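> Here is a sequence with its predicted model. Questions after.
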2 protein chains.
Amino acid sequence: MTHANRLSWKDVRDEIHDAILAGRYGPGDRLPRDADIAVEMNCARSTVQRAMQDLSDSGLVERRRKGGTRVRSEPVTRATLDIPITRREVEQKGGRYGHQLIRRTATDAPRSVLATFELTEPEPMLRVEALHLSDGRPYILEDRWISLRTAPEIRDVDLSAQSANEWLVLNKPYNRCDLRFYAISADPQTAELLQTDTGAALFVIERTTWIDAAPITTVKAITTPGYQLLTQS
Amino acid sequence: MTHANRLSWKDVRDEIHDAILAGRYGPGDRLPRDADIAVEMNCARSTVQRAMQDLSDSGLVERRRKGGTRVRSEPVTRATLDIPITRREVEQKGGRYGHQLIRRTATDAPRSVLATFELTEPEPMLRVEALHLSDGRPYILEDRWISLRTAPEIRDVDLSAQSANEWLVLNKPYNRCDLRFYAISADPQTAELLQTDTGAALFVIERTTWIDAAPITTVKAITTPGYQLLTQS
DNA sequence: TGACAAAATAAGTAGCTACATAATAGCGTT
DNA sequence: AACGCTATTATGTAGCTACTTATTTTGTCA
């Protein structure tokens, strides 16, 4: 073989990572410059650069031009979340997917929604309330606002055939996405729709998307009791 | 200037991204090969490669050797979460941080904890229950299990001076981290510790870390009512 | 001493080449 | 048709060079 002892950038990354784990570099310490590491590990600087970029992306290390690379003094837990389309989520868990359109209202956005989008001017919107089902039982209740200026085509979509969730994901790619997670107590209406008890603790996912500065949609997805969101890997 | 019209990999990325947004490539469609895009956009293949990698990381596109690049047919919402040390989180919100050690017990891990770590053999552990405070008021209640085999030094740490959260983050870097989010109803004990009402909806963050295959710690962090977790950006 | 300009520094990026690797497609044999 | 080998293909990676850019350090002059 031609290069058994050749280092890949992942090897370099792991070696530096291990050095930090082993305490050779502590929080706040400055690491040698890329070029020196390259010499020491007998590889190209570009290889070290890729390794360092990855460590920087994962939050272990901070890099600044001229300032060099240093171990983050107050490390963060950084994780990547994947949130699939609800239909796919249900099907992947082995359930049969279904959905019901509850209400569909064209109206101006209330102030709270405008604030979520960081807008100051009024905006015509479509409000869509829908229930996602797994094996015929409530799974997620969504309360969604869609900008009619950014996504006027939504007017002509039959939302009882295809959920707004799915139509938007397939037809309105976004640029920017904010997520927000928290817990609420089920109010009587919500409890009835989700077929659970008033006061039950429900996990909520709020998602807001934009294309450039233009608002697309904001949705409050209220999950049924027992729902868990996991990081993948 | 020397290169005003030179394309950076971010330009390439954005151009491809825009082409997808504009519908020139729909879900499932195959994109031209990197080399062709490079010719068309008059840049090096390595530049296209970097752009494509980024689009792939962000979940918009899937790449396979020989198979080429194609737009994900069922796109996911992918987001990065940063979870800081609790002390830092409190301080960043302008609060005064404090913490109380509630209980500290050395014992073998129960089956549920072993399962979380994907272990089958019994494991000696330290259980630490602690309360994080913001401006003297309850902020997060944590119920933590620490492996005494992987982190034996924890025995000698004064956990009323430094929280286990902080000591672990600074002294026990990890390789693998699983996160889990959900909602619970406050039971009477939890409610009392968090100074809230029994039955209140509480947002819970569970985090489990390993170094290679060895378990480090698993923690169930129960937040006070109103707590929200946001994606940054 | 302080302000500002110039030099030095270390990471970031672009381009090129060469080769590695995974996955597919094609072909021939039985 | 089923198999296994080989060739092909498109992405992935490593190395090199050259240049750019952000930031700090240093040096000079008022």
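Yep, that arrived. Numbering: from 1, shown residues only, chains lettered A, B, ... in the order given.

> what are the ranges of the helices in chain A?
Along chain A, the segments classed as helices by DSSP state H run A:9-21, A:34-41, A:45-57, A:86-92, A:111-116, A:164-171, A:188-193.

> for the second one, packing partners?
Read it as helix A:34-41. helix A:9-21, helix A:45-57 (3 or more Cβ pairs under 8 Å, 6 or more residues apart in numbering or on different chains; DSSP states H and E). To be clear about C-beta, it is placed using only N, CA and C from the backbone, and glycine gets the same treatment.

> rewinding a little: tell me which of the helices of chain A sits most buried.
Across the helices of chain A, averaging neighbours per residue (mean count of other Cβ atoms under 10 Å in any protein chain shown) puts helix A:164-171 on top, at a mean of 20.

> contacts for it?
The contact list for helix A:164-171 (Cβ atoms under 8 Å, 6 or more residues apart in numbering or on different chains) reads A:85-87, A:128, A:130, A:132, A:142, A:144, A:146, A:151, A:153-154, A:157, A:159, A:209, A:216-217, A:219, B:27, B:74-75.

> can you pull the pLDDT of residue A:83?
On the pLDDT scale, residue A:83 is placed at 93.

> Identify the residues contacting it.
Counting by Cβ under 8 Å, 6+ apart, residue A:83 touches A:179, A:205, A:207, A:229, B:76-79.

> Kindly recompute the last result at 6 Å.
residue B:77 (Cβ atoms under 6 Å, 6 or more residues apart in numbering or on different chains).

> What distance do you get for it to DNA strand C?
25 Å (Cβ to the nearest atom of the strand, to the nearest Å).

> beta partners of the residue most central in space within chain A?
When Cα atoms, centre = their mean is applied to chain A, the residue found nearest the centroid is residue A:81 (5.2 Å). The partner list for residue A:81 in beta bridges (DSSP bridges) reads residue B:79.

> Spell out which residues of chain A are next to chain B.
For chain A, the contact set with chain B under Cβ under 6 Å from any Cβ of the partner chain comprises A:21, A:74-85, A:88, A:169-170, A:173, A:179-185, A:199, A:201-203, A:228-231.

> In strands only, show me those residues.
Of these, the ones assigned to strands by DSSP state E are A:77-83, A:179-185, A:201-203, A:229-230.

> how far out from the middle of the chain is stretch A:40-54?
Distance, stretch centre to chain centre, for stretch A:40-54: 30 Å (Cα atoms, centre = their mean, to the nearest Å).

> domain parsing for chain A?
What the record gives for chain A is the domain set A:9-71, A:86-223, from automatic domain parsing.

> Quick check: end-to-end length of the longest one?
If I follow you right, that is domain A:86-223. Using Cα to Cα, to the nearest Å, one end of domain A:86-223 lies 11 Å from the other.

> Among the domains of chain A, which comes closest to DNA strand C?
Nearest of those to DNA strand C, taken as Cβ to the nearest atom of the strand: domain A:9-71 at 3.5 Å.

> wait, does the closest one contact DNA strand D?
Yes: counting by Cβ under 7 Å from any atom of the strand, DNA strand D has neighbours in domain A:9-71: A:9-11, A:42-47, A:50, A:64-67.

> what would the helices of chain A look like in TSV with distance to residue A:137 and mean pLDDT?
Putting those into TSV (distance: least, Cβ to Cβ, whole Å; pLDDT from 0 to 100) gives the following:
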stretch	distance to residue A:137	mean pLDDT
helix A:9-21	44	91
helix A:34-41	55	94
helix A:45-57	40	94
helix A:86-92	10	94
helix A:111-116	29	96
helix A:164-171	18	90
helix A:188-193	12	97
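
> between those helices, which gets nearest to residue B:38?
helix A:45-57 (18.4 Å; Cβ to Cβ).

> Just the residues contacting the closest one, thanks.
Here helix A:45-57 has contacts from A:9, A:12-13, A:34-35, A:37-38, A:61, A:63, A:69, using Cβ under 6 Å, 6+ apart.

> tilt between that helix and helix B:45-57?
20 degrees (axes from the mean of the first three to the mean of the last three Cα atoms, to 10 degrees).

> quick check, helix A:45-57 touching DNA strand C?
Yes: interface with DNA strand C: helix A:45-57 contributes A:46, A:49, A:52-53, A:56 (Cβ under 7 Å from any atom of the strand).

> May I ask which two of those are separated the most?
Distance extremes for the residues of helix A:45-57 next to DNA strand C: the farthest pair is A:46 and A:56 at 15.1 Å, using Cβ to Cβ.

> Of the contacts of helix A:45-57, which is the nearest to residue B:111?
Distance to residue B:111 across the contacts of helix A:45-57 (Cβ to Cβ) is lowest for residue A:13, with 36.0 Å.

> what does chain A have sitting close to DNA strand D?
Contact residues, chain A versus DNA strand D (Cβ under 7 Å from any atom of the strand): A:6-11, A:42-47, A:50, A:64-67.

> Pull the contacting residues for residue A:35.
Neighbouring residues of residue A:35 by Cβ under 6 Å, 6+ apart: residue A:45.

> ok, 10 Å please
Contact partners of residue A:35, counting by Cβ atoms under 10 Å, 6 or more residues apart in numbering or on different chains, are A:44-45, A:48-49.
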